[in-house]
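Engineer: structure, please.
(chains A and B)
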Amino acid sequence: NAGVTQTPKFQVLKTGQSMTLQCAQDMNHEYMSWYRQDPGMGLRLIHYSVGAGITDQGEVPNGYNVSRSTTEDFPLRLLSAAPSQTSVYFCASQGWDTEAFFGQGTRLTVV
Amino acid sequence: QQQVKQSPQSLIVQKGGISIINCAYENTAFDYFPWYQQFPGKGPALLIAIRPDVSEKKEGRFTISFNKSAKQFSLHIMDSQPGDSATYFCAASPHTGNQFYFGTGTSLTVIP
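Structural biologist: Sure, this is the predicted structure:
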């Protein structure tokens, strides 16, 4: 039982490049979400999903896309990376009546 | 606009002392209030959580106090230990599910 697995752990992108941050959970949780963590700002919700095929926007969705084709996976796509997207990204997974479990994070630098 | 306000930004406490972190919110739709602990290089981990039907919840050395009328809640860490040195986040979530709104975090240092 691995919990929430995020890949990669570190990534450097050039401005304008695209990439996908992967998130997988093996707890059969309905809810999954993506947050970004910036110094002095806590964690801010980017996108979330309440089940396969259902996604919705959080506080800071601009520049990011998500999809949820399976219960297990919830990838986050950056279509055209910008320096403002330099951050640490966390994926979280939660069951109907369980606590939220966070992955170890992906540290992204856009140059 | 920060939906959950957290203070202080940093806190230094002597070993054995009490650490107190405060949070406030405005949205009355929030009905789940967790506290997360985060160590460097790690993801946040749930420490303790409360729902607004109780005014206090205690788990070991950690206590949440909740004041529904004032829309405030706080974390008390009794007998603080150096191993408690971490960043603490309060959060709030509406009953509809997994959308957490986090405070800006408190960096706690416990001095031996």
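Engineer: every contact and neighbour count from this point should use C-alpha atoms.
Structural biologist: Fine.
Engineer: closest residue of chain B to chain A?
Structural biologist: B:Thr104 (4.0 Å; CA to the nearest CA).
Engineer: per-residue confidence for that residue?
Structural biologist: Among the per-residue scores, B:Thr104 holds a pLDDT of 95.
Engineer: report the distance from the lowest-mean-pLDDT helix or strand in chain A to the chain centre.
Structural biologist: Least confident helix or strand, chain A: strand A:100-102 with a mean of 92, by mean pLDDT, DSSP states H and E. In terms of CA atoms, centre = their mean, to the nearest Å, the centre of strand A:100-102 is found 12 Å from the chain centre.
Engineer: swap in stretch A:83-98?
Structural biologist: Distance, centroid of stretch A:83-98 to centroid of chain: 5 Å (CA atoms, centre = their mean).
Engineer: pull out the buried positions in it.
Structural biologist: For stretch A:83-98, a neighbour-count test (16 or more other CA atoms under 10 Å in any protein chain shown) marks A:Gln85, A:Thr86, A:Ser87, A:Val88, A:Tyr89, A:Phe90, A:Cys91, A:Ala92, A:Ser93, A:Gln94, A:Gly95 as buried.
Engineer: for stretch B:9-20, same thing?
Structural biologist: B:Leu11, B:Val13, B:Lys15, B:Ser19, B:Ile20.
Engineer: again, but for stretch A:3-22
Structural biologist: Of the residues in stretch A:3-22, those buried by neighbour count under the rule 16+ other CA under 10 Å are A:Val4, A:Thr5, A:Gln6, A:Thr7, A:Leu13, A:Leu21, A:Gln22.
Engineer: excluding chain neighbours, give the residue nearest to A:Gln37 in space.
Structural biologist: Spatial nearest neighbour of A:Gln37, excluding adjacent residues (CA to CA, 6 or more residues apart in numbering or on different chains): A:Leu43 at 4.5 Å.
Engineer: flag the shaky bits of the chain, pLDDT-wise.
Structural biologist: All of this is about chain A. A:1 (pLDDT under 70).
Engineer: let me rephrase: I mean chain B.
Structural biologist: Looking at chain B by pLDDT under 70, you get B:95-97.
Engineer: what parts of it come near chain A?
Structural biologist: B:41-46, B:89, B:97-105 (CA under 8 Å from any CA of the partner chain).
Engineer: hey, C-alpha coordinates of stretch A:11-29 in PDB?
Structural biologist: Extracted in PDB, the C-alpha atoms of stretch A:11-29 (Å, rounded to 0.1, in the frame of the first residue of the first chain):
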ATOM      1  CA  GLN A  11      11.700  19.100 -12.500                       C
ATOM      2  CA  VAL A  12      13.200  22.000 -14.200                       C
ATOM      3  CA  LEU A  13      11.300  23.400 -17.200                       C
ATOM      4  CA  LYS A  14      12.000  26.200 -19.700                       C
ATOM      5  CA  THR A  15       9.400  28.900 -20.100                       C
ATOM      6  CA  GLY A  16       6.800  27.700 -22.700                       C
ATOM      7  CA  GLN A  17       7.500  24.000 -22.200                       C
ATOM      8  CA  SER A  18       4.700  21.600 -21.300                       C
ATOM      9  CA  MET A  19       4.700  18.800 -18.800                       C
ATOM     10  CA  THR A  20       2.500  16.500 -16.800                       C
ATOM     11  CA  LEU A  21       2.800  15.900 -13.100                       C
ATOM     12  CA  GLN A  22       1.600  12.400 -12.200                       C
ATOM     13  CA  CYS A  23      -0.400  11.500  -9.100                       C
ATOM     14  CA  ALA A  24      -1.600   8.000  -8.300                       C
ATOM     15  CA  GLN A  25      -3.300   6.600  -5.200                       C
ATOM     16  CA  ASP A  26      -4.000   2.900  -4.300                       C
ATOM     17  CA  MET A  27      -6.600   3.500  -1.500                       C
ATOM     18  CA  ASN A  28      -9.600   3.600  -3.800                       C
ATOM     19  CA  HIS A  29     -10.400   7.100  -2.700                       C
END
